[in-house]
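# Need a 3D model of the following:
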Amino acid sequence: MLTRTLIGAALALAVTAPCWAVEANKAPDESAATWQMPWQISPISSASQAAGEQTILSFVPGTGFVKGTPTALASIGQPLNNVPGPNRTINVCRTTVWSEASKQGAKEIEVVSAGPERRDRKGDYFAPVMMRLTYTRPFAYEVREAMLICVVNRAGGIVDAYAPE
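Residues are numbered from 1 along each chain as shown. From the prediction side, this is the model:
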């Protein structure tokens, strides 16, 4: 039995090793975002636990098992609260976050304005946005909800998206 296990492991290694070599030689990922996605909207990890975030697993009728913070779970099925006022950062921020989150298993993103935009001295627009992301996980979903400050330049390109302290 041990011999079969070792042979199977060796065969699996031989088959997958060339894939590792290809991955190591691949060019860096050309992503729409040049920033690290904040832990508040990333899948639940040791970073969120280190920050003291408490998550729970709950059964949501019509959805199934969902893991998230009590606040995020309480708002499932309800729209995010949109704050009126001009906010030209929403679509750019949604696109950028989605490009990163979808690589980590996100299946849905909701983004609304959390306040009106402002301009800084360089002419960049910055505004708060509220985001809710749903990630697919084995046997459950993860829901992440947080406010980000999105910064967009005059040309409409993303400059930054970060969680306020």
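# quick one: buried residues of the helix or strand where residue 132 lies?
Element membership for residue 132 (DSSP states H and E) is strand 125-137. Of all the residues in strand 125-137, those buried under the rule 16 or more other Cβ atoms under 10 Å are 125-135. Just so you know, the C-beta spots here come from the backbone N, C-alpha and C atoms, and that holds for glycine as well.
# where's residue 90 relative to residue 137, distance?
In this view, residue 90 and residue 137 are 27 Å apart by Cβ to Cβ, to the nearest Å.
# thinking again about what came up before, what's the strand holding residue 132 packed up against?
Strand 125-137 sits against helix 90-101, strand 106-113, strand 118-119, strand 140-152, with contacts defined as 3 or more Cβ pairs under 8 Å, 6 or more residues apart in numbering; DSSP states H and E.
# hang on, the earlier thing: so which of the buried residues of strand 125-137 comes closest to residue 40?
residue 131 (8.7 Å; Cβ to Cβ).
# Wait, that closest one touches residue 110, no?
Yes. Look at residue 131 against residue 110 with Cβ atoms under 8 Å: they come within range, at 6.9 Å.
# Need the residues that contact stretch 111-121.
79-90, 93-94, 97, 125-131, 147 (Cβ atoms under 8 Å, 6 or more residues apart in numbering).
# Same question for stretch 92-99.
Applying Cβ under 8 Å, 6+ apart, the external contacts of stretch 92-99 come out as 31-33, 37, 41, 106, 109, 111, 129, 131, 133, 148, 150, 152, 156-158, 161.
# okay, and for the protein, where does confidence drop off?
Applying pLDDT under 70 to the chain picks out residues 1-35.
# For the strand holding residue 132, what is the distance to the chain centroid?
7 Å (Cα atoms, centre = their mean, to the nearest Å).
# Pairing partners for that strand, with directions?
Sheet pairing for strand 125-137, assigned by DSSP bridges, gives strand 106-113 (antiparallel), strand 118-119 (antiparallel), strand 140-152 (antiparallel).
# Now do that strand against helix 90-101, angle only.
Taking axes from the mean of the first three to the mean of the last three Cα atoms, to 10 degrees, one finds that strand 125-137 is oriented at 40 degrees with respect to helix 90-101.
# Great, nothing more from me.
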